[in-house]
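Asks: with the sequence up front, the predicted model follows.
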Amino acid sequence: MKKLDLERLSLKLDHRALRLTYPDEVEYLLPDQVFHTDKDAYLKRQSYKQFISAPLETRTLGKWLRCLSAYQPEYQVLPKYRYPSAGGLYPVQTYFSVKPGGVNGVEAGLYYYHPLKHRLVQIQVGHTLPDELFGFKHKQIVQQAAFYIFLVGKMDAIEPIYGEYSRDFSMMEAGYMGQLLMEEGTDNGIGLCPMGHLGGIEKYRDLFQFDDNHIFLHCFIGGSISPEQTKRWGSVTDAPKSEDQVNSLTEFLMQKLPYYMVPSLFNILDSIPLTVNGKVDREQLSSIQGKNVGLFREIALPRTETEKKLIDILQEIFQIREIGINQTFFELGGDSLLAVRLLSRIQEIFQLELSLRVLFEKKTILDLAKYIDVLEGAIEFSGTEAVEEGAL
Ligand SMILES: Cc1cc2nc3c(=O)[nH]c(=O)nc-3n(C[C@H](O)[C@H](O)[C@H](O)COP(=O)(O)O)c2cc1C
């Protein structure tokens with residue numbers, strides 16, 4: 001995991017979007033409050049970031065796209081859809097960019113999905129959108145993809161009624177459509193990943209034969225998925241190794257916490273138990289037995305008398321047992337107040353008056369111990385005369 005991913009993870013774990021609730025507030029517990037009861041319903045809507053190489057069959061594509069097609073009920077003038085639209089105007093269009101070999105029986109190219117005819121209308125032959133469209137980060141998923149979907153707002157279909165709200169309303173409609181496409185996709189062996197950034201798609205407006213009324217709203221990268229992928233979240237082949245996760249987590253925590261607070265043992269869980277409020281259920285968490293991974297760092301034990309004495313002092317100051325000679329005073333959570341305590345204890349034990357500067361210069365406990373040994377040796381050598389620190 002990279003630093004940015006960890007920042008993101010820590011933001012997610014904060015659950016900032018959840019309203020804070022207080023014990024004196026009235027809460028109605030809803031029946032069937034067990035979270036994740038219907039795992040399949042959650043799995044169905046997941047984002048797929050890996051696709052298998054099997055091309056899609058036209059039959060499968062057709063069955064899937066039925067979810068966007070119009071239905072003409074009896075005694076109704078206008079067709080109905082499985083997703084809502086402000087004022088029933090349905091301004092959002094669906095375009096497919098099919099990659100070479102992506103869909104058996106469909107030539108690579110750009111297509112408009114006609115919801116009344118339930119047909120793919122060819123607009124451009126040959127897949128001309130580059131793999132770099134979605135940036136380097138998405139290179140792998142783009143390479144495995146069979147097609148891209150673009151949801152596009154046709155503004156003149158909505159603006160006469162909703163004016164300045166038209167873009168927002170169209171965006172909401174695109175959201176409803178996306179949910180449907182994702183859920184129905186899983187049922188048909190088709191995976192989708194929503195793309196927040198439309199990349200440089202504006203450059204390709206001409207390919208779509210768009211005028212000023214068309215606005216790109218949202219897009220998806222899609223392809224075939226295996227049945228196995230629909231039964232679990234995330235990538236099937238690239239599940240990160242627990243040891244790698246632990247190393248990255250440790251690195252991340254080292255930047256945020258004093259060393260002594262960084263855990264040396266991690267417990268890897270499949271998921272974090274949540275309360276009905278959606279907060280981390282700490283009680284349940286402490287009782288779960290996950291996979292233990294650690295110790296990520298060796299505690300180097302003291303060997304000399306000076307090292308042992310220094311470790312004793314630090315254990316007393318920081319009230320922690322596990323301190324190694326390869327650690328520094330500041331890593332352990334030392335600050336200026338604790339530094340004064342440490343220096344005064346050193347004076348008591350070693351009869352040496354050290355300055356604060358030494359703690360910065362002699363970084364590890366090992367270095368500090370060596371420094372003290374040299375000072376003591378020098379004192380012995382010169383009898384009772386005081387030795388200048390700077391002379392060493
Ligand atoms: C508006 C939006 C933009 C997104 N953009 C990206 C993206 O650029 N790259 C990506 O890998 N996933 C993207 N996603 C997918 C999210 O990463 C995914 O929905 C989220 O991690 C939750 O995982 P899940 O959908 O499998 O439950 C986007 C999702 C949404 C709704």
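Replies: Arrived safely. Residues are numbered from 1 along each chain as shown.
Asks: quick one, phi/psi of the closest residue to V125 other than its chain neighbours?
Replies: Once flanking residues are discounted, V125 sits nearest to G109: 4.6 Å by CB to CB, 6 or more residues apart in numbering. (Glycine included, C-beta is placed from N, CA and C.) Note on G109: its backbone torsions stand at phi 160, psi -170 [degrees, to the nearest 10].
Asks: packing partners of the host helix or strand of I346?
Replies: Per DSSP states H and E, I346 falls inside helix 336-350. Counting contacts by 3 or more CB pairs under 8 Å, 6 or more residues apart in numbering; DSSP states H and E, helix 336-350 is packed against helix 305-318, helix 356-361, helix 365-381.
Asks: quick check, pLDDT for the single nearest residue of the stretch 51-200 of the chain relative to the ligand.
Replies: Closest contact between the stretch 51-200 of the chain and the ligand, by CB to the nearest ligand atom, is at G196 (3.1 Å). Looking at G196, its pLDDT stands at 88.
Asks: for the ligand, give me its nearest residue in the stretch 201-350 of the chain.
Replies: Counting by CB to the nearest ligand atom, the stretch 201-350 of the chain gets nearest to the ligand through W233 (6.1 Å).
Asks: and L207, what does it touch?
Replies: 110, 123-124, 128-129 (CB atoms under 8 Å, 6 or more residues apart in numbering).
Asks: mind running it again at 6 Å?
Replies: The contact partners of L207, by CB atoms under 6 Å, 6 or more residues apart in numbering, come to 110, 124.
Asks: for the one 4 residues further on, same thing?
Replies: With contacts defined as CB under 6 Å, 6+ apart, D211 is in contact with no residue.
Asks: and for the residue of the stretch 51-200 of the chain closest to the ligand, the neighbour number?
Replies: Number of residues near G196 (other CB atoms under 10 Å) recorded here: 7.
Asks: for it, phi and psi?
Replies: phi -70, psi -40.
Asks: so it versus S10, what's the distance?
Replies: 20 Å (CB to CB, to the nearest Å).
Asks: tell me the mean pLDDT over stretch 283-292?
Replies: Per-residue pLDDT over stretch 283-292 has a mean of 70.
Asks: any weak-confidence spans in the stretch 1-150 of the chain?
Replies: Along the stretch 1-150 of the chain, the model assigns pLDDT under 70 to residues 1-4, 32-37.
Asks: which parts of the stretch 1-150 of the chain are helices?
Replies: Remark: helices assigned in the stretch 1-150 of the chain by DSSP state H, counting those that start in this stretch are 3-14, 39-44, 58-65, 139-144.
Asks: dump these to a markdown table, plus mean neighbour count.
Replies: Compiled in a markdown table, the helices of the stretch 1-150 of the chain are given as follows (neighbours: other CB atoms under 10 Å):
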| stretch | mean neighbour count |
| --- | --- |
| helix 3-14 | 11 |
| helix 39-44 | 12 |
| helix 58-65 | 17 |
| helix 139-144 | 17 |
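Asks: now the helix holding I346, how far from the chain's geometric center?
Replies: 44 Å (CA atoms, centre = their mean, to the nearest Å).
Asks: and for it, what's in contact with it?
Replies: 309, 313, 317, 352-354, 356, 359, 372.
Asks: got the domain ranges for this structure?
Replies: 33-231, 242-294, 305-391 (automatic domain parsing).
Asks: could you dump those domains into CSV and include distance to P23?
Replies: Shown next, in CSV, are these (distance: least, CB to CB, whole Å):
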stretch, distance to P23
domain 33-231, 18
domain 242-294, 11
domain 305-391, 32
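Asks: who in the chain is up against the ligand?
Replies: 46-47, 49, 193-197 (CB under 6 Å from any ligand atom).
Asks: which one of these is nearest K256?
Replies: G196 (26.7 Å; CB to CB).
Asks: tell me what the lengthiest helix in the chain is packed against?
Replies: Counting by DSSP state H, the longest helix found in the chain is helix 166-187. Secondary-structure packing of helix 166-187 (3 or more CB pairs under 6 Å, 6 or more residues apart in numbering; DSSP states H and E): strand 92-98, strand 214-224.
Asks: 8 Å - rerun?
Replies: So helix 166-187, by 3+ CB pairs under 8 Å, 6+ apart, packs with helix 39-44, helix 58-65, strand 92-98, strand 147-154, strand 190-195, strand 214-224.
Asks: just the mean pLDDT for that helix, thanks.
Replies: Averaged across helix 166-187, pLDDT comes to 98.
Asks: and it, what's buried?
Replies: 166-167, 169-170, 172-175, 177-178, 180-186 (16 or more other CB atoms under 10 Å).
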